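Asker: Prediction below, plus the sequence it came from.
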Amino acid sequence: MKSNTLYTESQSFFSWWLCLILLTVSVASFSLHWHDLLRLNFVPLFQLPGFWINLVLWGLFAVLRLKTTIHQEGVEVHFFPFNFYRKRVQWSDIQSIEVRKYNPIGEFGGLD
């Protein structure tokens, strides 16, 4: 199926606004331990659940990828790291298809 690829798109969810939110949460969770950080004493930091949660969130959003591939046989979607298999839809199973511009916030976010 890979030899006849017509189109491939890979989307990352690691955007500037997400980095800003994660950075704000990270700074807020470490704010009580600034004196330890300034003295380069990281041991109390490793004992905080917030440190490990922040580390997992940064790592998760760094590796999240949505890869869409269009082949002559159909469409293939893979959402890494959550899908362990690629979802394949044959052209015969698709009733209609169109290319259009959409407004994700206006159409799906509830804003008019």
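Answerer: Good, I have the coordinates.

Asker: all helices for this structure, in order.
Answerer: Taking DSSP state H, the helices of the chain run over residues 16-30, 34-38, 43-46, 49-63, 104-108.

Asker: quick one: terminal-to-terminal distance for stretch 87-97?
Answerer: End-to-end distance for stretch 87-97, by CA to CA, to the nearest Å: 17 Å.

Asker: How about residues contacting that stretch?
Answerer: Residues from elsewhere that reach stretch 87-97, judged by CB atoms under 8 Å, 6 or more residues apart in numbering: 1, 73-78. Glycine gets a C-beta too; all of them are placed from N, C-alpha and C.

Asker: so how far is that stretch from its chain's centroid?
Answerer: 25 Å (CA atoms, centre = their mean, to the nearest Å).

Asker: Could you do stretch 55-71 as well?
Answerer: Using CA atoms, centre = their mean, we find the averaged C-alpha position of stretch 55-71 to lie 4 Å away from the chain's own average C-alpha position.
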